[in-house]
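In: Take this sequence and fold it.
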Amino acid sequence: MAVVSAPEAADWRPDRFLDGYRQRTLPLGPDPDGQSPISATLIRRADTVPARGAVLYVHGFTDYFFHEPLADFFIDRGYAFYAIDLRKCGRSLQPHHTPHFTTDLAAYDEELGRALEIILDEVGADCRVVIAGHSTGGLVTSLWLDRLRQHRPALHRAVDGLLLNSPWFDLQGDAVLRTLPVTMLIKAVAAVAPMRVIPKELSQAYGESLHDSAHGEWNYDLEVKPLGGFPVTFGFLDAVRSGQRHLHRGIDVGVPALVLRSDKTHFARTYSSSTDHADAVLDVTQIARWSGCLGNRVTAVPVPDARHDVFLSVPHAREQAYREVDDWLTRVLAPTVARSPRTPSTNTQSTTGSENHL
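Out: Here you go, the predicted structure:
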């Protein structure tokens, strides 16, 4: 087992949100969307740990890393845990930024690649890394791994698996929103006014189900993760829709993937107890439909009563989600780790079991 070296004082400093964690600023190049300077923020626990591998976690829209129990789960199993707040998100958000704004999801390749290189430098060049993505982060990481496989195969070979938590694989809502005329309208507005806000108010029901100031059990910063979410711009939505269309044509993330989602959707303008036992943000049937587009080693598991973030669900649902991850790490990824660290797997068959495999 490799041992994570002590963080360099010049690179890492105490995290602004979590005690016992460190953060490292990753300066980025010029912002293609004109909001320079920009940077990303890498987060990790402060203590050193024996490491069988590492995890890089990527948040969703109106989100940032705050979920210490998720980190504890992986650390308890011998994984060094890292998370990244992408440009203009969470710890990386600056006053001159439009929150979470990008006009091309591929722009995130810069900070994701640098984060992966830092992990390999700290944990060891032969470290096996699990990439984890939630919601928009699930779409971003899937497309990134497909590009990484094609353009940086040596770096891609360090990736052992992809864990997706309710990935945003299609546009939820009425079917008309996914028609060609609406797609072209979004693209046209994005071309001339990318920062124009979509004229639709977002529901606070999901946020109220999570935060301990309302009906939830979780405490997080409402300035970087407001209950009703940040406004959605035409430029950002066009970037997401472009990424989703690319996914729908079929990609290959190149590693085994586990896709977790709720077993049902419940959209509502106001909070009720039903919000606690369903995905209140995305249509889970769309996640099920498009999961098979990731490649040929995909395990898809609906978690009964899970929320949009399955690891922030009510206790019995999140416990089930953790059991599914534990099983996947042991049954699917452990045999890969047993092989030579730099030898790509040649297994192209889906795993078998009680889950749905796509």
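
In: in this protein, what spans have low per-residue confidence?
Out: Applying pLDDT under 70 to the chain picks out residues 1-10, 48-50, 335-358.

In: where do the strands sit along it?
Out: Using DSSP state E, the strands of the chain run over 2-3, 13-14, 21-27, 39-45, 50-51, 53-58, 79-85, 129-134, 159-165, 257-262, 298-303, 356-357.

In: export those strands to a markdown table and tack on distance to Val192?
Out: Backbone N, C-alpha and C define where each C-beta goes, glycine included. Putting those into a markdown table (distance: least, C-beta to C-beta, whole Å) gives the following:
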| stretch | distance to Val192 |
| --- | --- |
| strand 2-3 | 51 |
| strand 13-14 | 41 |
| strand 21-27 | 31 |
| strand 39-45 | 28 |
| strand 50-51 | 49 |
| strand 53-58 | 30 |
| strand 79-85 | 30 |
| strand 129-134 | 31 |
| strand 159-165 | 34 |
| strand 257-262 | 36 |
| strand 298-303 | 38 |
| strand 356-357 | 43 |
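
In: mind putting those in CSV, mean neighbour count and distance to Pro95 included?
Out: What follows is these, written out as CSV (neighbours: other C-beta atoms under 10 Å; distance: least, C-beta to C-beta, whole Å):
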stretch, mean neighbour count, distance to Pro95
strand 2-3, 15, 39
strand 13-14, 12, 20
strand 21-27, 18, 16
strand 39-45, 23, 14
strand 50-51, 16, 37
strand 53-58, 25, 24
strand 79-85, 27, 16
strand 129-134, 26, 26
strand 159-165, 25, 30
strand 257-262, 27, 35
strand 298-303, 22, 38
strand 356-357, 14, 45
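
In: so which of those strands comes closest to Gln94?
Out: Closest to Gln94 of those is strand 39-45 (C-beta to C-beta; 8.3 Å).

In: Against which helices or strands is that closest one packed?
Out: In this structure, strand 39-45 packs against strand 21-27, strand 79-85, helix 109-123, with contacts taken as 3 or more C-beta pairs under 8 Å, 6 or more residues apart in numbering; DSSP states H and E.

In: Point out the other helices and strands that the longest one packs with.
Out: Pointing back at helix 109-123 there. On a contact count with 3+ C-beta pairs under 8 Å, 6+ apart, helix 109-123 meets strand 21-27, strand 39-45, strand 53-58, strand 79-85, strand 129-134, helix 136-151, helix 153-156.

In: could I get these as CSV with distance to Val189?
Out: Output for these, formatted as CSV (distance: least, C-beta to C-beta, whole Å):
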stretch, distance to Val189
strand 21-27, 31
strand 39-45, 28
strand 53-58, 27
strand 79-85, 28
strand 129-134, 27
helix 136-151, 20
helix 153-156, 35
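
In: Pro167 is nearest to which of those?
Out: Among the helices and strands packed on helix 109-123, the nearest to Pro167 by C-beta to C-beta is helix 136-151 (2.6 Å).

In: what's in contact with that closest one?
Out: When contacts are defined by C-beta atoms under 8 Å, 6 or more residues apart in numbering, helix 136-151 is touched by residues 57-61, 63, 86, 100, 105-106, 108-109, 112-113, 131-133, 155-156, 159, 162, 164-169, 240, 243-244, 246-247, 251-255, 257, 294.

In: and if we set it to 7 Å?
Out: Contacts to helix 136-151, defined as C-beta atoms under 7 Å, 6 or more residues apart in numbering, come from residues 58-61, 105-106, 108-109, 112, 131, 133, 155-156, 159, 162, 164-169, 240, 243-244, 246-247, 251-255, 294.

In: Quick one: buried ones out of the residues you listed?
Out: 58-61, 105-106, 108-109, 112, 131, 133, 156, 159, 162, 164-169, 240, 243-244, 246-247, 251, 253-255, 294 (16 or more other C-beta atoms under 10 Å).

In: any idea how far Gly151 is from Leu70?
Out: Residue 151: His, not Gly. His151 sits 30 Å away from Leu70 when distances are taken as C-beta to C-beta, to the nearest Å.

In: no wait, Arg13
Out: 22 Å.

In: With Thr275 instead?
Out: Distance of Thr275 to Leu70, computed by C-beta to C-beta: 21 Å.

In: now do Phe236
Out: Phe236 is 25 Å from Leu70, by C-beta to C-beta.

In: Please apply the same query to Pro199.
Out: 35 Å.

In: which of the two has more neighbours?
Out: Leu70 (24 against 7; other C-beta atoms under 10 Å).

In: ok, the more buried one touching Phe311?
Out: Yes - if you go by C-beta atoms under 7 Å, Leu70 and Phe311 touch, sitting 5.2 Å apart.

In: Leaving out sequence neighbours, find the closest residue to Ser135.
Out: Gly60 (2.9 Å; C-beta to C-beta, 6 or more residues apart in numbering).

In: how about the helices of the stretch 201-350 of the chain, start to end?
Out: With helices called from DSSP state H, counting those that start in this stretch, the stretch 201-350 of the chain shows them at 205-210, 234-248, 284-290, 315-328, 334-338.

In: of those, which approaches Asn219 most closely?
Out: helix 205-210 (9.7 Å).

In: Give the bridge partners for Trp218, please.
Out: Beta bridges link Trp218 to His211 when assigned by DSSP bridges.

In: Correct me if wrong: it contacts His211.
Out: Yes - using C-beta under 7 Å, Trp218 is in contact with His211, at 6.2 Å.

In: Compare neighbour counts for those two and give me the winner.
Out: Taking other C-beta under 10 Å, Trp218 and His211 do not tie; His211 has more neighbours (19 against 15).
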